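A.B. asks: no FASTA, just this:
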């Protein structure tokens, strides 16, 4: 079946999903979780074939690990589906309403987006996660996963499609593009007729390719060049803890920091203490000349300040003022998460009002930028663009709105 | 100056605009209105040159009319600027907030988008209108108008840039791309580094070109294939008035209707009455076979149902049920504005919950889909996409949000 035909089917099914009640959608989610549990052996068998092919094609251990499904991971996946079922249904919320002078009653209500396209890499958990988030928010989804996971994805989607029919929902609530060629991805990116939004989930290369090629509106997620700025009045112990946590608690995630900016008047006292903490995890520090005059570091290049290391490496720069820190962040940051450590009310206000990022912190680790931590429930991704959604995206980010206008014959 | 340099300047200025207070922004808007009044003669002189060139290049009368500025039109433009100044400032609104179990205080606040790109045709009023809406919402703008209006646009932007400095705002609050080649427009469409959003204002061709070529997020506006459906219980007189108003009060606008759908059980009585009204304005009716068996019409093709006529032409189709009407709208509609005329509570509910459009009406003319009529004040355009904004876009649609997180040293 062509991508266009798949799109037409998903669009048709989305008209059913649009008016499906919360109970029916939750029944569909419970059926999915149950079916995955019941078909565990089959899923793991298909996943094994992907893993074998992956090993033969020389996938790295870390990619193989992301690809791998076992009983524990499937249990986690089912747990996530049930937790999505437990969230409040965003659809139908009345966002605002008024009666106009001519008597028209105008309501703005929350509605599903329609068809959501997800392009992702070799992580089969995304297959279930994305399908469940879309179903809960009344959308149908078209999934286009990486070729490395095609057998796992085909098995999971087959099981989920059958499961949702038990709740009276159409099979095409969940659609998978089985053709994993580049062409099929590009076709999906240009399927404006049927697809309302495209969400790429994966590395920077994937996201760039989608932004470059898509005519369907895209939500960019997941690129994070995050900063901690230690202002001169900072509590040094707190600064050390935050930097240590934000850098080392999980280096591969987008809300980890890549650069620390240190005010010149505190650098002499703070840097040795911070270095001592980072040394525990063998973090390499790449610093400016000022940094190098205080602690031994590799010299930092301009390139370093622009890089999301996703590794045990941190760049460091001494700044003369909060203004300079803000400018550095404007120049190099990705608009994800940035933090100031300070005891000054004025500096905290200056920083939070001027740093243009999805999440701006005072005295807390950037690692909290996360749907669960923000109380939004399961998360579709972390948007680093300003349109539609910014920061952690809960299921509400998978909705749009429409106006309903009730009249008694008014003409203009 | 290159488009990229212009982008860098606009981005730098946007950091000032981001924290500019309401009073300063309103002073800037008042200075703009005043400067346009003071330089009226110069603006009209430059506009005359555009008109002359346009006549020599064979522009149609209607295009020349759109291009033309005179004292009355400039007064209207200044009135619009002052009315934008009078609106409430959306920036800084706290959208939500909570204290998490770990003590983090999380606020979601409304912030400007940053740099807004506007690509438009030969309407110099858009130059001022777009600049004022962006300024009010704390954004800088990069304007790329049509070559037919370049002298008028250059004059207006020069005057506005000088005016805003009187309020202490940077000149680059308003930037104009003076190069009107296709290349300059394409460069703007791919300036992701500096531009947060692109809003095309103009005909379907312009919008299609932007959607095709842009990597910067786009808000699609202004394409309207709107419908009125006359359900079998409808008040025929009301149906006639609504159809007459929605079709003929202004045929060129996007919220005018292009097709009427008539339930088979009311067609015999309703169609002759509706035709009589439309005949007053010589509206051509293109109908299905069922229509033709009741009133004399040109036969309608599939193409007709898919067309935004923007003219005194209306398509007509007899349907067996509200379900069929909803399906017709799903197939041919542009998701702008659709209306049901009915006296049935059940049918009204069925229609409003199933028609997937920005504005769904019961018993009122689709001509009300408009920022002013909806009480949103001046309007940036009418979005027909589902991402970010849908329907009439007030200045709030020119904002994004950010999270500010206040902690006391929390780590994850």
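C.D. replies: Thanks, I have it. Predicted model only: the values in this text are computed from it and were never measured.

A.B. asks: Correct me if wrong: residue A:211 contacts residue B:193.
C.D. replies: No: between residue A:211 and residue B:193 there is no contact under C-beta atoms under 8 Å: 11.8 Å. Backbone N, C-alpha and C define where each C-beta goes, glycine included.

A.B. asks: which one of those two has more residues nearby?
C.D. replies: For residue A:211 and residue B:193, the more surrounded residue by other C-beta atoms under 10 Å in any protein chain shown is residue A:211, and the numbers stand at 19 against 11.

A.B. asks: so that one is in which element?
C.D. replies: Using DSSP states H and E, residue A:211 maps to helix A:204-213.

A.B. asks: near chain B, anything from that helix?
C.D. replies: Yes: counting by C-beta under 8 Å from any C-beta of the partner chain, chain B has neighbours in helix A:204-213: A:211-212.

A.B. asks: after that helix comes which helix or strand?
C.D. replies: Criterion used, DSSP H and E; the element after helix A:204-213 is strand A:226-230.

A.B. asks: tell me how far that following strand is from the chain's mean position?
C.D. replies: Centroid separation for strand A:226-230 versus its chain: 21 Å, with C-alpha atoms, centre = their mean, to the nearest Å.

A.B. asks: residues in contact with it?
C.D. replies: Here strand A:226-230 makes contact (C-beta atoms under 8 Å, 6 or more residues apart in numbering or on different chains) with A:236, A:239, A:242-243, A:246, A:254-263, A:266, A:270, A:274, A:319, A:322, A:325, A:328-329, A:333-334, A:336-341, A:351, A:366.

A.B. asks: After it, which helix or strand is next?
C.D. replies: Next along from strand A:226-230, by DSSP H and E: helix A:236-248.

A.B. asks: any idea of the mean pLDDT for that next one?
C.D. replies: For helix A:236-248, mean pLDDT is 98.

A.B. asks: tell me which strands and helices it is in contact with?
C.D. replies: Applying 3 or more C-beta pairs under 8 Å, 6 or more residues apart in numbering or on different chains; DSSP states H and E, we find helix A:236-248 packed against strand A:226-230, strand A:257-263, helix A:264-279, strand A:337-341, strand A:359-364, strand B:399-410.

A.B. asks: now, of the ones you listed, which is deepest in the fold?
C.D. replies: Neighbour counts (mean count of other C-beta atoms under 10 Å in any protein chain shown) averaged over each of the helices and strands packed on helix A:236-248 peak at strand A:337-341, with a mean of 31.

A.B. asks: what packs against the next helix or strand after that one?
C.D. replies: Sequence-wise, the next helix or strand downstream of strand A:337-341 (DSSP H and E) is helix A:345-354. Here helix A:345-354 touches helix A:322-332, strand A:337-341, strand A:359-364, going by 3+ C-beta pairs under 8 Å, 6+ apart.

A.B. asks: Give the rounded mean pLDDT of the first one.
C.D. replies: Model confidence over helix A:322-332 averages 97 on the pLDDT scale.

A.B. asks: which residues does residue A:109 contact?
C.D. replies: Contacts of residue A:109 (C-beta under 8 Å, 6+ apart): A:92-95, A:401-404.

A.B. asks: same for chain B: which of those residues are within range?
C.D. replies: A:401-404.

A.B. asks: Switch these over to TSV; also include pLDDT.
C.D. replies: Output for the ones next to chain B among the contacts of residue A:109, formatted as TSV (pLDDT from 0 to 100):
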residue	pLDDT
A:401	97
A:402	97
A:403	98
A:404	98
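
A.B. asks: Mind jotting down where the helices sit in the stretch 51-200 of chain A?
C.D. replies: Secondary structure of the stretch 51-200 of chain A (DSSP state H, counting those that start in this stretch): helices at A:61-67, A:71-86, A:124-136, A:150-165, A:182-189.

A.B. asks: Looking at those helices, spot the one closest to chain B.
C.D. replies: Taking C-beta to the nearest C-beta, helix A:182-189 is the member of the helices of the stretch 51-200 of chain A nearest to chain B, at 11.5 Å.

A.B. asks: Taking helix A:204-213 as reference, get the angle to the closest one.
C.D. replies: Calculated by axes from the mean of the first three to the mean of the last three C-alpha atoms, to 10 degrees, helix A:182-189 forms an angle of 60 degrees with helix A:204-213.

A.B. asks: could you pull out the strands for the stretch 1-150 of chain A?
C.D. replies: A:94-99, A:105-112, A:115-120, A:140-144 (DSSP state E, counting those that start in this stretch).

A.B. asks: chain center to stretch A:122-140: distance?
C.D. replies: With C-alpha atoms, centre = their mean as the basis, stretch A:122-140 stands 13 Å off its chain's centre.

A.B. asks: cool, and stretch A:76-84?
C.D. replies: Using C-alpha atoms, centre = their mean, the offset of stretch A:76-84 from its chain centre is 17 Å.

A.B. asks: Give me the contact list for stretch A:257-266.
C.D. replies: A:224-234, A:236, A:243, A:246-247, A:270-271, A:274, A:290-291, A:305, A:307-309, A:313-322, A:325, A:328-329, A:332, A:339, A:366.
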